[in-house]
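Engineer: pasted the sequence and its predicted model underneath.
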Amino acid sequence: MARLFARRTASRDEALVRSLYEEHGKALLAYAVRLTGDRATAEDVLQETLMRAWRNAESLASTEGSIRGWLFTVARNLVIDKARAKAARPNEVAESPATTPVHRDHAQSVVDSMSVLGAIEKLSDDHRTVLLEIYFHDRSVAEAARILGIPQGTVKSRSHHALRALRAALADRRAAWEGVPA
């Protein structure tokens with residue numbers, strides 16, 4: 001018996017809220033837009049107003065006076081409450097146009113750099129010094145040969161073999177990392 005009464009009451013309450021929306025919804029929305037200046041916020045206010053009407057459907061049906069006045073008062077109070085809550089919270093920091101967004105994550109470049117440095121450390125001293133002179137100090141083959149005191153052909157040969165060893169070491173590291181679960 002209680003379930004039947006609850007169903008009848010629920011359907012009656014839903015019908016009341018539906019009729020309130022059909023009769024007063026447009027006017028309430030326009031009023032809320034005027035108060036808030038934002039349609040999305042006004043729609044939230046309208047929804048919350050109708051939710052409160054639904055929760056208080058029994059007392060609302062027995063209320064003497066204007067239902068429309070009650071709805072508008074609830075809507076105004078909701079707007080005031082939202083304004084007070086917003087004023088009580090610290091301002092949100094908006095992203096300024098001067099702030100440049102991060103275009104890509106630099107973590108992979110850090111990992112790559114560490115891998116290259118680790119592979120360079122495994123090279124022989126002769127190969128490592130030739131690569132450092134040519135690639136890190138940006139010297140020509142002739143300049144590297146003069147600084148290292150070796151013939152240009154030796155610089156070319158060592159750089160060729162050093163790069164080949166470096167590629168192999170990096171390929172080994174990549175293969176080892178591919179086997180590791182993320």
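Structural biologist: Structure received.

Engineer: and residue 156, backbone torsions?
Structural biologist: The phi/psi pair for residue 156 (degrees, to the nearest 10) reads phi -60, psi -40.

Engineer: what number of residues lie near it?
Structural biologist: 15 (other C-beta atoms under 10 Å). All C-beta spots, glycine's among them, are computed from the backbone N, C-alpha and C.

Engineer: how about residue 47?
Structural biologist: Neighbourhood size, residue 47 [other C-beta under 10 Å]: 14.

Engineer: again with the one 3 residues further on
Structural biologist: A count of nearby residues for residue 50, using other C-beta under 10 Å, gives 20.

Engineer: that one contacts residue 21, correct?
Structural biologist: Yes. Counting by C-beta atoms under 8 Å, residue 21 is a contact partner of residue 50 at 5.9 Å.

Engineer: can I see the domain layout of this structure?
Structural biologist: 2-88, 107-178 (automatic domain parsing).

Engineer: can you put those in CSV and add mean pLDDT?
Structural biologist: CSV is the format used below for those (pLDDT from 0 to 100):
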stretch, mean pLDDT
domain 2-88, 82
domain 107-178, 88
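
Engineer: now do the longest helix along the chain: distance to the chain's middle.
Structural biologist: Longest helix in the chain, counting residues (DSSP state H): helix 2-36. Distance of helix 2-36 from its chain centroid, counting by C-alpha atoms, centre = their mean, to the nearest Å, is 36 Å.

Engineer: same for it, what does it pack against?
Structural biologist: helix 39-55, helix 57-61, helix 67-88 (3 or more C-beta pairs under 8 Å, 6 or more residues apart in numbering; DSSP states H and E).

Engineer: what about the residue of the chain most remote from its centre, distance to residue 127?
Structural biologist: In the chain, residue 151 marks the outermost C-alpha relative to the chain mean, sitting 56.6 Å out by C-alpha atoms, centre = their mean. Counting by C-beta to C-beta, to the nearest Å, the gap from residue 151 to residue 127 is 16 Å.

Engineer: for residue 19, same thing?
Structural biologist: Taking C-beta to C-beta, one finds residue 19 at 87 Å from residue 127.

Engineer: for these two, indicate the residue with more neighbours.
Structural biologist: Each of residue 19 and residue 127 has its neighbours counted (other C-beta under 10 Å); residue 127 has more, 21 against 11.

Engineer: residues in contact with the more buried one?
Structural biologist: Taking C-beta atoms under 8 Å, 6 or more residues apart in numbering as the criterion, residue 127 is in contact with 158-159, 161-162, 165.

Engineer: I'd like to know which of those residues are buried.
Structural biologist: Among the contacts of residue 127, those scoring as buried are 158-159, 162, 165 (criterion: 16 or more other C-beta atoms under 10 Å).
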